[in-house]
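Asker: Quick one, structure for this:
(chains A, B and C)
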Amino acid sequence: MRIPRPGYLARKLAGVAATLFAVITFNFLLFRILPGDPIRLLARAGNLSPEAIDRLRQAFGLDQSLPVQYVLYLRNLATGELGTSLTYRRPVVQILAERMENTLILLAAATVIVVVLGVLFGVIAAARRGTRLDSGTVLTSLIFWSLPTFWVGLIFVFLLGVYFPAFPISGMTTPGATYATPFDAFWDVGRHLVLPTLTLALVDVGQFILITRSSLVDVLTEDYMLTAKAKGLSRRRVIWRHGVPNAMLPIVTATALYVSLIVGGTIQVETVFSYPGMGRLMYDAVLRRDYPVLEASFLLFAIVVIFANFASDLLYRVLDPRVRNA
Amino acid sequence: MTAVTFGAGGRLGRVGASFRANWSLLWADRLGRAGLLLLAIVFFAALLGPILLPFDPTAVGHSAADLLQPPSATAWLGTDEMGRQVIWETIAGARTSLVVGLVATAISMVVGTFIGLTAGYSRGTMGEGLMRVTDFFLVIPTLPLTIVLAALLGQSLGIIILVIGLTSWPATARIVRSQVLSLRERQFIVRIQSLGATDLRTVGIHILPNVLPLVFANTVLVIAGSILAEATLAFLGLGDPANVSWGTMLHFAFQSGAAGRGAWWYIIPPGLGIVVTVLAFTLVGHSLDRILNPRLRNR
Amino acid sequence: MALLEVRDLTIRYRTTAGEIRAVDAASLDVDAGEAVGLAGESGCGKTTLALAIPGLLPANAEVVSGSIRLDGRELIGLPESEMEKVRWREASVVFQGAMNALNPVRRVDEQIAEPIRIHEPGTSANEARARVAELLERVGIPAARGREYPHEFSGGMRQRVMIAMALACRPRLIIADEPVTALDVMVQAQILRLLKDLRAHLGLAMILISHDLSVIAETCDRAVVMYAGRTAESGDVRAIFRSPAHPYTQALIRAFPNVRRERTFVSGIPGYPPDLMSPLVGCPFVDRCTVGIERCRVETPALRRVGPAHEAACHLVGESAS
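Answerer: The predicted structure follows:
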């Protein structure tokens, strides 16, 4: 394990900052240039009188030129001012803060399952390359990869909501429930998490298995694997202590793609299961054309992905001693 | 048994010859063959279904009793919440999904290949700049971006196609770019250039044919992704309401509470359609990737 | 009884194109403390033969017949669990081009200590550490560098690390597969000297595989020249160099420029090795041999005595007639 040197860290953070800035600008342009006159969008949503429209225009600074708007926008962002939701009539920041936590819980739970099962089955498939177990695993993974997340969710709702009601199919907690102990609270939330997490994990685990498998198959042909065997190590030890640590490196690199996928999956899963997270928020915002919320949640999702990439980059540097820190 | 021949003057004719060789390799691979067969079924159903089915596509239910009915002799896959035949919608949905998938992919491949070629071939700031732009778009999460674009631009089929096409090019551009980078330094390119070949000629006649096979394998996988993307967008309410697709079917199924009510005939056919089609393209693409990418050959 | 006795070993590789005769009825003896060189061009079977000893052949290799006895114990047919105990403890390997032969993500001292911890489980962490330090010093690497990773060492240093690692469990036999091929000449000399010293100190037996005869001439007591999977010539190193009996050995020696002799063109050996998939008829070298006779085409020559501890598989040498 190696800790990257401070100089490197600073440069990496600067890069992240640059990307963040680019995303913020992109977001700004997206919502102001594309629809032409954003006020018309808002007007459509709210059924407003011409005076009200003018007032809105002023309030949002949309009567100013674009560069001025941009500066205003940045200033607002810096102070955490993300606008007011058209549907909830509350500051967007507040709504996001509430929902963000729920989504992160879901993401974390699903990621744990995906990584553990993905690596496990990927390693098994690679170690037994060419056997029927291997082809079966590959085929199953490809099938999982081809499943639309939202459809899997619908099937679960259907099977476990209608036929075998084993788990709750909507929400994060049982409506109106009171908890005697914190454990009860966890239990309730946990039960509500089962289906969304499973749905989210199912589709992504297929891809993770395939990435792990192909990475390990590459590593198995390396010379140091023969050295390990020559040392009299058992096959299990050779694979897990010499193969897997090297195979993890390309997998960490592939995290970028994975995070983007899982973010997409979260939106679908939260929609289907009415889970009160950011994904559901985005869905509702689309339905009701709540543009301030839409803009803010898009920005937030992009930020999540950027930071996940940054984290995986760091992780890679820690895991691979060959990468120079200078 | 090399599937792709790299070399000076790689004319498209040579690509054609290796195309036949690759085709037989694809057929020989079990997964690839399964994929091709599934594709044949899907296309067959999409193209000939409307002709072979004896139902009136515009018929809607006349009474409440016709709504959300399970399969019967008159309605092979049951009816939806408006009394329409699910089987008809499924077949019609196949066409929409396939059209969107293919056209969006075409856009994505053209844009991605063009940018990838330029980014890989140009030296200096142009190449660097394009690379940064590509990397930037790779960081932006795809589904949120397509959602936002569709919400802002509208919901016609054309817009959906455009949106999907314009959000999936970065992955292709990246692949093309890295291939071009490795080709650029090879001996035969340097030689051709010293003989005075223009950049356009070099790229068009010598680099492009060597890049195309990889692009082709990638294309098939992008088609799979585009079909999934359309289905997801439609499910979330951003599909074209005038054109039934598998995604819109599932959207209405969801909205009308069909899942909760146990209307499995409404949920399963469109979903299966998506899975089978996407799986077919994925299997073919996965096999092609193994065949055309020499590094992956021994897996 | 020799430390290692390989008798009539025949090994085949199963490929999609057919079966390849990698080793064909080859025999090899190594006495305790002795260094035997395995020479020959690429594909002649020397690596296959040597790696068969610790059971390190790939999955598509099959030992068709023959025996490998290490210290009197038959190794062919041993279950994998038993074989794991033999590996490294009794016979270890120094691989060619330690470029990639060391795990890039683990520290060098861990990798050297690993076989010690596995084969001698009672060893405490401190003991293991001390042994690793001693091994590193012995091969000329400061013990402190054990905390570094393989990529931080130069090629020659990495090879030394591999040698240190090979000595970890105090084996009786070391198999060195082209240990100096990837190194420049100065470093080559150093490594060869190191091997010589270690052998003298520790009484190690060694099988040294190389396509470079001069390397074998410098370090080994005996040599075995292989061609197309068969033994062409074997014997005392000086005997082979002074009076090579097999035409192939003669051609090999001629192919290397000699500083002392007159300047002549270096002569390669025209032609290609035979196809190892088709059955063997006659002597495998016949197509490239300059002195072949009719008999060479039809009858495969057996090893004949050419001198004390010197044999060659050629119809034209040794006890004449028959």
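
Asker: so how far is stretch A:250-268 off the chain centroid?
Answerer: In terms of C-alpha atoms, centre = their mean, to the nearest Å, the gap separating the centre of stretch A:250-268 from the centre of its chain is 6 Å.

Asker: Just give me the residue right at the centre of chain A.
Answerer: Averaging the C-alpha coordinates of chain A gives a centre point, and the residue nearest to it by C-alpha atoms, centre = their mean is residue A:263 (3.1 Å).

Asker: so what's it closest to, chain neighbours aside?
Answerer: Sequence neighbours aside, residue B:141 is the residue nearest to residue A:263 in space, at 4.4 Å (criterion: C-beta to C-beta, 6 or more residues apart in numbering or on different chains). Every residue, glycine included, has its C-beta placed from N, CA and C.

Asker: Likewise for residue A:307?
Answerer: Nearest non-adjacent residue to residue A:307 (C-beta to C-beta, 6+ apart): residue A:16, at 7.5 Å.

Asker: Residues in contact with the longest helix along chain C: which ones?
Answerer: When chain C is scanned for its longest helix (criterion: DSSP state H), the result is helix C:185-202. Contacts made with helix C:185-202 from outside it, assessed by C-beta atoms under 8 Å, 6 or more residues apart in numbering or on different chains, are listed as C:33, C:35, C:138-140, C:155-156, C:159-160, C:163, C:167, C:170, C:176, C:179-180, C:183, C:204, C:206, C:208, C:215, C:218-219.

Asker: Residue numbers of chain C in contact with chain A?
Answerer: By C-beta under 8 Å from any C-beta of the partner chain, the residues of chain C that approach chain A are C:54, C:56, C:80, C:84-89, C:92-93, C:95, C:97, C:99-106, C:114-115, C:118-119, C:149, C:151, C:162, C:165.

Asker: Can I have the buried ones of those residues as a PyMOL selection?
Answerer: What follows is the PyMOL syntax selecting those of the residues of chain C next to chain A that are buried according to 16 or more other C-beta atoms under 10 Å in any protein chain shown:
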select buried, chain C and resi 54+56+84+86+87+88+89+92+93+95+97+99+100+101+102+103+104+105+106+114+115+118+119+149+162+165
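
Asker: residue ranges of the helices in the chain, please?
Answerer: Here I'm looking at chain A. Using DSSP H, the helices assigned to chain A run over residues A:6-33, A:38-46, A:50-59, A:66-78, A:92-127, A:132-146, A:149-157, A:182-220, A:223-230, A:235-237, A:244-253, A:255-272, A:278-288, A:291-319.

Asker: switch to chain C, that's the one I care about
Answerer: Counting by DSSP H, the helices of chain C are C:46-52, C:80-86, C:108-119, C:125-138, C:155-166, C:185-202, C:213-219, C:237-242, C:247-254, C:294-298.

Asker: Including mean pLDDT, could the helices of chain A go into a markdown table?
Answerer: As requested, those are exported to a markdown table (pLDDT from 0 to 100):
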| stretch | mean pLDDT |
| --- | --- |
| helix A:6-33 | 84 |
| helix A:38-46 | 61 |
| helix A:50-59 | 67 |
| helix A:66-78 | 79 |
| helix A:92-127 | 90 |
| helix A:132-146 | 90 |
| helix A:149-157 | 91 |
| helix A:182-220 | 87 |
| helix A:223-230 | 92 |
| helix A:235-237 | 92 |
| helix A:244-253 | 90 |
| helix A:255-272 | 88 |
| helix A:278-288 | 89 |
| helix A:291-319 | 88 |
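
Asker: In a markdown table, list those helices along with distance to residue B:218.
Answerer: Shown next, in a markdown table, are those (distance: least, C-beta to C-beta, whole Å):
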| stretch | distance to residue B:218 |
| --- | --- |
| helix A:6-33 | 25 |
| helix A:38-46 | 36 |
| helix A:50-59 | 46 |
| helix A:66-78 | 37 |
| helix A:92-127 | 22 |
| helix A:132-146 | 15 |
| helix A:149-157 | 22 |
| helix A:182-220 | 16 |
| helix A:223-230 | 30 |
| helix A:235-237 | 35 |
| helix A:244-253 | 18 |
| helix A:255-272 | 14 |
| helix A:278-288 | 28 |
| helix A:291-319 | 22 |
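
Asker: Out of these, which gets nearest to residue C:41?
Answerer: Set against residue C:41 and scored by C-beta to C-beta, the helices of chain A come closest in helix A:223-230, at 21.5 Å.

Asker: what's the angle between that closest one and helix C:155-166?
Answerer: 20 degrees (axes from the mean of the first three to the mean of the last three C-alpha atoms, to 10 degrees).

Asker: And helix A:223-230, what does it pack against?
Answerer: Applying 3 or more C-beta pairs under 8 Å, 6 or more residues apart in numbering or on different chains; DSSP states H and E, one finds that helix A:223-230 contacts strand C:91-94.

Asker: Who are the contact partners of the residue of chain A found nearest chain B?
Answerer: Across chain A, the shortest distance to chain B (C-beta to the nearest C-beta) belongs to residue A:264, at 3.3 Å. For residue A:264, the contacting residues are A:149, B:141, B:142, B:143, B:144, B:232, taking C-beta under 8 Å, 6+ apart as the criterion.

Asker: Could I get the full set of helices for the stretch 51-200 of chain B?
Answerer: Assigned by DSSP state H, counting those that start in this stretch, the stretch 51-200 of chain B shows helices spanning B:86-121, B:125-139, B:142-153, B:157-167, B:169-184, B:187-194, B:199-201.

Asker: Would you tell me which of those helices gets closest to residue B:224?
Answerer: Comparing the helices of the stretch 51-200 of chain B under C-beta to C-beta, the one sitting nearest is helix B:86-121, at 7.8 Å.

Asker: any idea how far whichever residue of the stretch 51-200 of chain B sits closest to chain A lies from residue B:149?
Answerer: Residue of the stretch 51-200 of chain B nearest chain A, by C-beta to the nearest C-beta: residue B:143 (3.3 Å). Counting by C-beta to C-beta, to the nearest Å, the gap from residue B:143 to residue B:149 is 11 Å.

Asker: ok so, going back, quick one: which of the helices of the stretch 51-200 of chain B is nearest residue A:198?
Answerer: Nearest to residue A:198 among the helices of the stretch 51-200 of chain B is helix B:142-153; the distance by C-beta to C-beta comes to 19.5 Å.

Asker: Check which helices and strands the closest one sits against.
Answerer: With contacts defined as 3+ C-beta pairs under 8 Å, 6+ apart, the packing partners of helix B:142-153 are helix A:6-33, helix A:255-272, helix A:278-288, helix A:291-319, helix B:157-167, helix B:208-233.
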